[in-house]
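1. Below are the sequence and a predicted model; questions follow.
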Amino acid sequence: MTATRLKTIYAFGLFAFGFGLNFFPVNGLGAVTQLLGHPSAARSDVDTVGLGEAFPLKIGQQVTLQNTGLTIKFTKILADSRCPSGAQYVWAGEAKILVEVKTSTTVATPWTLTLRDREQSGQLFAQFRIQFLGLEPDPVLNPQPDHSVADVAVATLLVNRS
């Protein structure tokens, strides 16, 4: 590699650091691997959604509903006996998740939401109806031992006024 090329790569690396980029050498050349300071790259722990708007929620993620003071956090999957993809069961099974729900005037309260036979179920909290619409990914017949659904699970919820 020529000295001019190395100087160019080094200069680019300094430029990248100045703009919040992470610069790692790869095979002696170099590559910008991620934007660190860019607002779209940073993920907030709390997102805002609107009433009547279905939204995905990852385990550990929390959302606040606009103009309501209602906050919901997906804590964990309690049970998942849904029929795996590619299988045929007599009963479709159910999924149960634990969420923490609070308003601006209440403390966080644990709630169990259940999805049965692919039906949309709901729970009433204060003046809100929280519906559990789905859980992804679907169960698989022979899961890999190192594959944890909890790492990638996403619940879809919908909140309306009751």
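-> Cool, the structure landed.

2. Helices of this protein, residue ranges please.
-> 3-18, 149-152 (DSSP state H).

3. hey, least reliable of the ones you listed by pLDDT?
-> Lowest mean pLDDT within those: helix 3-18, a mean of 41.

4. pull the helix or strand with minimum mean pLDDT from the protein.
-> Lowest mean confidence among the helices and strands of the chain (mean pLDDT, DSSP states H and E): strand 31-35, at a mean of 30.

5. how about low-confidence regions in the protein?
-> 1-46, 117-121, 143, 145-150 (pLDDT under 70).

6. Quickly list the domain ranges of it.
-> Domain assignment for the chain by automatic domain parsing gives 3-35, 46-161.

7. do you know how far residue 136 is from residue 74?
-> Relative to residue 74, residue 136 is positioned 12 Å away (CB to CB, to the nearest Å). For the C-beta atoms, the positions are set from N, CA and C on the backbone; glycine is no exception.

8. Neighbour count for those two, which is higher?
-> Set residue 136 next to residue 74 and count neighbours by other CB atoms under 10 Å: residue 74 wins out with 23 against 11.

9. surely residue 128 meets residue 162?
-> Yes - contact criterion CB atoms under 8 Å: residue 128 and residue 162 qualify, at 6.1 Å.

10. Bridging across strands, which residues link to residue 97?
-> With DSSP bridges applied, residue 97 shows beta-bridge pairing to residue 77, residue 113.

11. my read: it touches residue 72, true?
-> No - if you go by CB under 8 Å, residue 97 and residue 72 don't touch, sitting 10.8 Å apart.

12. out of these two, which sits in the more crowded spot?
-> The neighbour comparison of residue 97 against residue 72 (other CB under 10 Å) goes to residue 72, with 26 against 23.

13. would you list every one of the strands in the protein?
-> Along the chain, counting by DSSP state E, strands occupy 21-24, 31-35, 46-49, 55-58, 62-65, 71-80, 94-102, 109-116, 121-125, 128-136, 154-161.

14. and the longest one, what does it pack onto?
-> Counting contacts by 3 or more CB pairs under 8 Å, 6 or more residues apart in numbering; DSSP states H and E, strand 71-80 is packed against strand 55-58, strand 62-65, strand 94-102, strand 128-136, helix 149-152, strand 154-161.
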